[in-house]
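Peer 1: Quick one, fold the following:
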Amino acid sequence: MTPPANPGPQRWLFTGDSITEWGRIDKRDPHDLGHNYVQLLAEEHLAGRTVLNTGIGGDRLVDLAERWQRDVIDLAPDVLSVYIGINDTWRRYDEGIVSPIPDFERRLRELLAPFAAAGTPLVLVSPFVLPYTGEDRSWQEDLNPRVRAIARIAQELDAVYVPLQEPMTALAAQIGDAAVAADGVHPTPAGHRAIADAWWQAWRAAGMDAPESSAH
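Peer 2: Modelled structure (predicted):
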């Protein structure tokens, strides 16, 4: 008798800031996916799986940490994807609120380590920024070391790593910065499409199993 095929992970949780939240109406309902890269993944590659979204706009890592129990641990994900960090950088430049890189790295590692120890597949998405004529977006001094910190944690915890700066910059070179992220940060539909594609490509490149119901 042929054993049943492994159905793969059933509960996929995406959390983070406004880029993950985008389009969510009821932010208390993790089943409200919004209109963003999470929705695209849910409709395509993760069709038939339970996909949850607890992204909240404006969140820095410290804000995500405060709701970690309710919006992450209590939802018991089989796969956890975290996309955070751009607001930690942004608040330095628009409000003078500094999120030191060592503190950011330590806190993020502490949040994720129990999931890694339990064998939960992790996905870490690193933030990007594009030029914007309305405000100065020369944030590399703060953003680049933050991205490197996220990459280090991904390597240490054997997480799937999704770097976005290069693919988003490449897309912007083709269709224009504003066509990818109108304000240099928040993606347009084309930007969310690119994030979804980069996320899935990184997942598959890491050798992770594709759900049987995958559309692609």
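Peer 1: in the chain, what spans have low per-residue confidence?
Peer 2: 1-7, 209-216 (pLDDT under 70).
Peer 1: what about Ala65, neighbour count?
Peer 2: 16 (other CB atoms under 10 Å). Every C-beta, even on glycine, is put in place using the N, C-alpha and C of the backbone.
Peer 1: With Thr133 instead?
Peer 2: Close neighbours of Thr133, defined as other CB under 10 Å, add up to 10.
Peer 1: any idea which residue sits dead centre in the chain?
Peer 2: Tyr83 (2.6 Å; CA atoms, centre = their mean).
Peer 1: Quick one: residues contacting that residue.
Peer 2: Listed by CB atoms under 8 Å, 6 or more residues apart in numbering, the contact set of Tyr83 reads 14-17, 19-20, 55, 124-125, 127.
Peer 1: export the residues you listed to CSV and tack on neighbour count, distance to Ala154 and secondary structure?
Peer 2: Putting those into CSV (neighbours: other CB atoms under 10 Å; distance: CB to CB, whole Å; DSSP: H, G, I helix; E, B strand; the rest coil) gives the following:
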residue, neighbour count, distance to Ala154, secondary structure
Phe14, 30, 16, strand
Thr15, 26, 16, strand
Gly16, 25, 15, strand
Asp17, 26, 18, coil
Ile19, 26, 18, helix
Thr20, 26, 17, helix
Gly55, 27, 19, coil
Leu124, 24, 4, strand
Val125, 26, 10, strand
Pro127, 25, 13, coil
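Peer 1: Put together CSV for those residues, with distance to Trp139 on each row.
Peer 2: As requested, these are exported to CSV (distance: CB to CB, whole Å):
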residue, distance to Trp139
Phe14, 24
Thr15, 23
Gly16, 18
Asp17, 15
Ile19, 15
Thr20, 19
Gly55, 21
Leu124, 19
Val125, 17
Pro127, 10
